[in-house]
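1. I'll drop the sequence and a predicted model, then ask my questions.
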Amino acid sequence: MSKSTVLVLSAALLGAPVFAQVDFSGEWAPLYHENGPERLPGPELGDYTELPINDAARLRADSWDADRISVVEQYQCRPHGSDYALRGLGNMRVTRDIDPATQRLMAFHTHMLAWDSDRTIYMDGREHPPAYANHTWQGFSTAVWEGNMLTVTTTHLKENYIRRNGVPRSDQATSTEHWMRHGDYLTVVTVIDDPVFLTEPLVRSDNWYLDPGQHIGIFGCEHAPELPKAEGVVPHHLPGTNPYLREISEWYGIPYEATRGGAETLYPEYRLKLNGYKAPPKCDRYCTCTTLFDCQLR
Amino acid sequence: MKLLTFTILLCGSAWAQVQPQPAQPQNDVHVFPVQGNVSMLVGPGGNMTIQAGKDGIAVVDTQIAAAAPQVMAAIRKLSDTPIIWVINTSLDADHIGGNEALLRLGGSNEASLRARVVTHENVLDRLVKMGQARVADAASINDTYFRSPKDFLFNGEPVMVYHMPAAHTDGDSIVLFRKSDVISSGDLFTPDRYPVIDLPDGGSVQGLLDGLNRILEMAVAGKYQEGGTFVIPGHGRLCDEADVVEFRDMVTIIRDRVQDMIKKGMTLEQVKAGKPSRDYDTQYSGSPDVFVESIYKSLVTSGKR
């Protein structure tokens, strides 16, 4: 073997892992064994469990009225943000761009069923846009490899929700995703930092399995007046008047304080504060909820 | 040598995959292309809108006088033609303060190309009434309007100037670049800060909401409520209809809360102590107390009429 050949092989061996350690391309179907009731039928009103929210986020969620999605036309076709789409009803297709000249991985693209959401995750080292650039539902994503894990950083997100019951996520948030593939399974751990509404990062994980025969249909949405309303009305509950906030506590036997969320409630030590709490003897609501078909109210 | 270069380049691709850079500070002047013929200029004052083409340059607002050299240098990257139209969205010094200096640098001395400086007539009235200090600002205004909209065709594009009565002030204008599909909102809309309802200069909370709802009527969002009509705010980042909705909702909800507190007989001090904007204070800069007080006084005043 000549010196030249050794050099070329060395370069190839050194360079190849940087180009793409793992290929995420394919058709992915979501698994709902985590947080099924929240993700399939949708979260209960007033359920802020597992969310490290601050008082501002709590009052925003308390004030939220689901009528807003219908009455305010601009909300009717509003999609999930990319930080939420991963845990929504999201069959996903991943494709990738390879530069034909260098065979270097330039980008991954994700397409989600919900709202036909398309996102590009740039791998070409480009910078994020300046602070004064516009924001989008999917945000602006770049990624780097950390071993076999792809770490995606997303900024320039439009204001949206952390949970679909009015818990807000601001347009100043940064979403960091860690993509990991194990054979035919994909796990994405999402870390949301939001200086406006969170007191510490929100960490969530979502899983998919490879489903090569999957066909993602067309979503489609057209907004239209659904209800007569006075000009400029924005449905909301005045502070202290939302009648639905205790339902989650009553239905599931969870102490009301624990349903209000906050960083303290995320940790095992919080159980010590719930003196005398006893879990309800039997499950009455969404007792099995792992797929679209078995997730029934009772 | 070639092989060595190839090896370095190949391995160097790893170093190219760098982390994103932090956002640039906004204390410099930057031009950001929006769409069509329209760009946004960000600097130390309020945002500027620039429309450039073969007929010349139209600008909405002019930053502050001290920034004029940097602003003009930035505009010159878009076009060498003279500034023909200046539209001022209000009487605020950070929107109107660069009029004279900018025209000195970028206007034309030819009579046929002399810049027209447009505002609603209430702006001129108030600048003159303010006396000596602001009369200088008024001096460059040479084309007021009182019937809305004022329109003209420039660079092949209809430009519509709409009066938004009794909003941020009583002389606010918003500008629609109809072909480029861009709205310049002035201080009616400031996505990262509480709006200033300038009561002494004729502003009101209901007029502000009427103006925001008017922008929502005029804007047409793209697929799934994104893009389409872009909105250049008085301050802050480039926006579209969905961002205006969030801001309109914020003003409406806080207005409703203050209105409810007034109905319960609460005084201004009691309303401020109740902090009706507290769930928005972490998101919007500016004084919550000043914002709440302006809503309270606006509602009380309108109730007495």
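-> That came in fine, so what should we check first?

2. strands of the chain, residue ranges please.
-> Because you didn't say which chain, this covers chain A. Remark: strands assigned in chain A by DSSP state E are A:26-31, A:92-99, A:104-112, A:118-122, A:140-146, A:149-155, A:160-163, A:167-169, A:174-182, A:185-193, A:202-210.

3. could you do chain B instead?
-> For chain B, applying DSSP E gives strands covering B:30-35, B:38-42, B:48-53, B:56-60, B:83-87, B:116-120, B:143-145, B:150-154, B:157-164, B:172-177, B:182-186, B:230-233, B:239-240.

4. distance to A:Ala263 and mean pLDDT added to these, as CSV?
-> For glycine as for every other residue, the C-beta is placed from the backbone atoms N, C-alpha and C. Listed next are the strands of chain B as CSV, based on distance: least, Cβ to Cβ, whole Å; pLDDT from 0 to 100:
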stretch, distance to A:Ala263, mean pLDDT
strand B:30-35, 37, 97
strand B:38-42, 36, 98
strand B:48-53, 42, 98
strand B:56-60, 45, 98
strand B:83-87, 48, 98
strand B:116-120, 50, 97
strand B:143-145, 55, 96
strand B:150-154, 54, 98
strand B:157-164, 43, 98
strand B:172-177, 42, 98
strand B:182-186, 37, 98
strand B:230-233, 33, 98
strand B:239-240, 31, 98
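
5. comparing those, which comes out most buried?
-> Burial of these is given as mean neighbour count (mean count of other Cβ atoms under 10 Å in any protein chain shown); strand B:182-186 ranks first at a mean of 29.

6. the inter-axis angle of that one versus strand B:56-60?
-> Strand B:182-186 runs at 50 degrees relative to strand B:56-60, counting by axes from the mean of the first three to the mean of the last three Cα atoms, to 10 degrees.

7. what separates B:Ser198 from B:Leu78, distance-wise?
-> Careful, residue B:198 is Asp and not Ser. Separation of B:Asp198 from B:Leu78 (Cβ to Cβ, to the nearest Å) stands at 32 Å.

8. which residue of the two possesses the greater neighbour count?
-> B:Asp198 (21 against 17; other Cβ atoms under 10 Å in any protein chain shown).

9. nearest to chain A, out of the strands of chain B?
-> strand B:38-42 (4.7 Å; Cβ to the nearest Cβ).

10. show me where the stretch 201-305 of chain B has helices.
-> Here the stretch 201-305 of chain B has its helices, by DSSP state H, counting those that start in this stretch, at B:205-218, B:241-263, B:268-273, B:288-304.

11. in the shortest one, what's buried?
-> Burial within helix B:268-273, assessed by neighbour count using 16 or more other Cβ atoms under 10 Å in any protein chain shown, is assigned to B:Val271, B:Lys272.

12. touching that helix from outside, list them.
-> With contact meaning Cβ atoms under 8 Å, 6 or more residues apart in numbering or on different chains, helix B:268-273 is reached by B:Val258, B:Met261, B:Ile262, B:Asp289, B:Val292, B:Glu293, B:Tyr296, B:Lys297.

13. redo that, cut-off 10 Å
-> For helix B:268-273, contacts defined as Cβ atoms under 10 Å, 6 or more residues apart in numbering or on different chains pick out B:257-258, B:260-262, B:264, B:266-267, B:288-290, B:292-293, B:295-297, B:299-300.

14. could you do the last one as well?
-> By Cβ under 10 Å, 6+ apart, the surrounding residues in contact with helix B:288-304 are B:166, B:193-199, B:203-208, B:251, B:254-259, B:261-263, B:266-269, B:271-278, B:280-281, B:284, B:287.

15. can we see that at 6 Å?
-> For helix B:288-304, the surrounding residues in contact (Cβ atoms under 6 Å, 6 or more residues apart in numbering or on different chains) are B:194, B:197, B:199, B:204-205, B:255, B:258-259, B:262, B:268, B:271-272, B:277, B:281.

16. with the longest one instead?
-> Judged by Cβ under 6 Å, 6+ apart, the contacts made with helix B:241-263 from elsewhere in the structure are A:74, A:158-159, A:234, A:236, A:238, B:189, B:191, B:205, B:209, B:212, B:215-216, B:219, B:221, B:225, B:231, B:271, B:276-277, B:280, B:295-296, B:299.

17. next one, pLDDT for residue 258 please.
-> Picking chain A for this. pLDDT, A:Ala258: 94.

18. not quite, go with chain B.
-> Reported pLDDT for B:Val258: 98.

19. what separates it from chain A, distance-wise?
-> 11 Å (Cβ to the nearest Cβ, to the nearest Å).

20. ok so, going back, what's the closest of the helices of the stretch 201-305 of chain B to A:Trp179?
-> Among those, helix B:241-263 comes nearest to A:Trp179, with 27.6 Å by Cβ to Cβ.

21. work out the gap between the closest one and the centre of the chain.
-> 20 Å (Cα atoms, centre = their mean, to the nearest Å).

22. turn the helices of the stretch 201-305 of chain B into a markdown table, including distance to B:Glu157.
-> Shown next, in a markdown table, are the helices of the stretch 201-305 of chain B (distance: least, Cβ to Cβ, whole Å):
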| stretch | distance to B:Glu157 |
| --- | --- |
| helix B:205-218 | 15 |
| helix B:241-263 | 20 |
| helix B:268-273 | 46 |
| helix B:288-304 | 36 |
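
23. least confident of those, on average?
-> Looking at the helices of the stretch 201-305 of chain B, the bottom one is helix B:288-304 with a mean of 93.

24. what's the burial count for B:Asp192?
-> When neighbours are counted by other Cβ under 10 Å, B:Asp192 comes out with 18.

25. need the residues of chain A near chain B, please.
-> Taking Cβ under 6 Å from any Cβ of the partner chain as the test, the list of chain A residues beside chain B reads A:4, A:7, A:11, A:14-15, A:18, A:56, A:59-60, A:74, A:77-79, A:104, A:115, A:125, A:127-128, A:130-132, A:134, A:136-137, A:142, A:144, A:153, A:158-159, A:170, A:196, A:232, A:234, A:236, A:238.

26. any quick PyMOL command for the buried ones out of the residues you listed?
-> To isolate the buried members of those in PyMOL, using 16+ other Cβ under 10 Å:
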select buried, chain A and resi 11+15+18+56+59+60+74+77+78+79+104+115+125+128+130+131+132+134+136+137+142+144+153+158+159+170+196+232+234+236
